[in-house]
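*Asks:* quick one, what's the 3D model for this:
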Amino acid sequence: MARRVVVLGMDALVLPHNQRFADEGVLPNFSRMLREGASSYALSVLPPYTPTNWATIASGAVPGRHGAGNWTDVTAEDPAERKARSTFDARTLQADTLWNAASRSGLRTMLLTYPGAYPTTVEKVTVIAPLYRGLTGHALVSGGEYNLTLTNGRQVSLPVKSQVMGPLLVPTEDGHQELNPEGLEHFSKFSIARDANNTYQIYWDEKVLVTLPNSGWGPWATIPAGNSEQASVRFRVLNTDGDNVHFVRSEIYPTRGFTDPPEYADDLFRSLGPFFEHPAVINRESDQAIDALMDEIRDQVDWYIGALKHSAQHKPWDLFMTHWHWIDTAQHNFLAGLDPEPGVAPDDRAVSVIRRSYELGDRLLGGFLSEMDESDHLIVVSDHGHVPNRRIASAARRLVEVGLAQFDETKLPRQVIDRSRSMAYLLSPHEIVVNLKGRNAGGIVSKENFAQVSEAIRDALVEWKDQDSGRHLVAYALEKPHQQLLGYFGTRTGDVMFLYNPGYSWGVPSNGLSVGPADGSSNHGAQMPTTTTNRTANMATLLAMGPSIRHGYERNIQELGCVSLMDVAPLVSNLLDMTPPKDCRGAVPQDFLKFGN
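*Replies:* Residues are numbered from 1 along each chain as shown. Got it, this is the predicted structure:
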């Protein structure tokens, strides 16, 4: 039987949490993989951003080559009116990928919510529910939460306030077409009423859409979505108190056309039901909302498992790659409670949410393992880890502090750098550019003064200290000629690139200074990928299992160093017996293999 390889991407999977919960006995499938496969911490490329490292995993290339070193393809040369494109969009990626290499070898690839996979023009590639607008793709409207007072029989309208912005990219026979989704007014036709039996009914355009159960999520319903299409939606009552009701609405997502080729979506919808990208809401203070959230993610996990199995039977593949994002979202919201400041006890609710999230990851892994046969290989990989933010820093305020920039007074209280009066500004959270005449729109710095201003930016960063602790905030600040050390070159990079030391993250300090107290959040992109605490780590994770992989092997990173995420593409290529992507700079981790080759 021909070999197949599955790459199960779990965004922000942290090896210490995995090992902790496995030791508690709640992760039987991860325990099996650690027992029967190989594992290692993995080093992200810098910075440890999401699109940057999923592009690296797919290509084995450095960021300067694949072009996803930032969340968008913004450059210093961009005119002010240009809207940058997300680096989740395949049109921004410049490097060869695993699915390109597989196609050249006559192999078939299935890509489920994998960043950078869409739009595709590659033969033998099928894409399901692509994420090409950042961390979203075809979603029409974000979920909603409502607290209302209802009297018997009276309908109360349900406003829709959060639309996913940007055009939808739809595959056609002639390529891909951008469509503008219906506006919020189209989706503001929901209302709710309670009858004499205390039963809640949801209406759409004055007609009963669905009756809600007393507990759990209500049934899926379909509504018109414009462009002659339909979309899925459902609701859930969280709690009631007399005439007061607290409930949530799911994300609104199309029922058709969310695959490439588009007709495959019809098969998946008939077999698996509706898909959704994100949970309805994340309410950190409500146990009922958290239960609803976890039930949603469980349904999402089962959909992913179903897609793997359905495609294996009806649209066979040699390489299956997916990216599941929930663990990252959970840790952004709850990790700081699991890993608080020294001397503070962990928050029980936060620990429970993280544990339940890893249990859902284990459920996903178990479903994937059930599809594997004795000739298949499974790789589990994350793009980075996650660590709490101990202090918040504003690089924009730092530039103003040292006289390199000024804020636009017309936009206060928002602090936006006024480029017409500033020698430098942020291109991205980790990049600063000199506002150069002839290159930057509205630039004011002459070419003769470029080097002086660039050096002043670097000095402002490396000399930046936290007045409360005396610690330096910035781990490194590299001017453009030295960014090659980190794999950066070309136009998609700032004049000075930097990253924060452990414990610091970007934000707007509440004290009005450039450095201030934390806000109870966690992050990954702002801090060094090697950042660790007593409970968590910002390093990525690599697990592998299959007939060619050693059993029960854990790489000794003190002796051998961490696996690089650039090594995933050559490992997958080795297991499929194909030539790696053309721009790959990684190497097969030979110590993972039984035979060393």
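
*Asks:* and residue 298, how many residues sit next to it?
*Replies:* Using other Cβ atoms under 10 Å as the criterion, residue 298 is surrounded by 15 other residues. Quick note: C-beta positions are derived from backbone N, CA and C, even for glycine.

*Asks:* could you tell me how many residues sit around the closest residue in space to it that isn't next to it in sequence?
*Replies:* Distances taken as Cβ to Cβ, 6 or more residues apart in numbering place residue 360 nearest to residue 298, at 6.0 Å, with adjacent residues excluded. Burial of residue 360 is recorded as 20 neighbouring residues (other Cβ under 10 Å).

*Asks:* which pLDDT value belongs to residue 214?
*Replies:* pLDDT, residue 214: 88.

*Asks:* can you count the residues close to it?
*Replies:* Residue 214 sits with 9 neighbouring residues when counted by other Cβ under 10 Å.

*Asks:* what about the helices in the stretch 451-597 of the chain?
*Replies:* Remark: helices assigned in the stretch 451-597 of the chain by DSSP state H, counting those that start in this stretch are 557-560, 568-576.

*Asks:* now do the residue nearest to residue 298, the pLDDT please.
*Replies:* Per-residue confidence at residue 360 stands at 98 (pLDDT).

*Asks:* in what helix or strand does it lie?
*Replies:* Element membership of residue 360 [criterion: DSSP states H and E] is helix 348-369.

*Asks:* how about residue 110?
*Replies:* strand 109-112.

*Asks:* what helices and strands are in contact with the very next helix or strand once past that strand?
*Replies:* The helix or strand immediately downstream of strand 109-112 is strand 125-128, counting by DSSP H and E. The helices and strands touching strand 125-128, judged by 3 or more Cβ pairs under 8 Å, 6 or more residues apart in numbering; DSSP states H and E, are strand 109-112, strand 259-260, helix 264-272, helix 287-314.

*Asks:* need the residues that contact strand 125-128.
*Replies:* Under the contact criterion Cβ atoms under 8 Å, 6 or more residues apart in numbering, strand 125-128 has outside partners 99, 103, 108-114, 117-118, 120, 258-261, 264-265, 268, 307, 311, 315, 317.

*Asks:* helix/strand/coil for the residue sitting furthest away from the middle of the chain?
*Replies:* Residue farthest from the centre of the chain, counting by Cα atoms, centre = their mean, is residue 196 at 44.7 Å. At residue 196 the chain is in coil, as set by DSSP: H, G, I helix; E, B strand; the rest coil.

*Asks:* hang on, the earlier thing: with mean pLDDT as added columns, please give the helices and strands packed on strand 125-128 in TSV.
*Replies:* Below are the helices and strands packed on strand 125-128 laid out as TSV (pLDDT from 0 to 100):
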stretch	mean pLDDT
strand 109-112	98
strand 259-260	96
helix 264-272	98
helix 287-314	98
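
*Asks:* quick one: the nearest residue to residue 443 once chain neighbours are set aside from residue 448, how far?
*Replies:* Excluding the flanking residues, the one nearest residue 443 by Cβ to Cβ, 6+ apart is residue 437, at 4.2 Å. Computed as Cβ to Cβ, to the nearest Å, the residue 437 to residue 448 distance reads 10 Å.

*Asks:* looking at those two, which one has more neighbours?
*Replies:* Remark: of residue 437 and residue 448, residue 437 carries more neighbours, 14 against 7, as counted by other Cβ under 10 Å.

*Asks:* which residues are in contact with that one?
*Replies:* For residue 437, the contacting residues are 443-447, by Cβ under 8 Å, 6+ apart.
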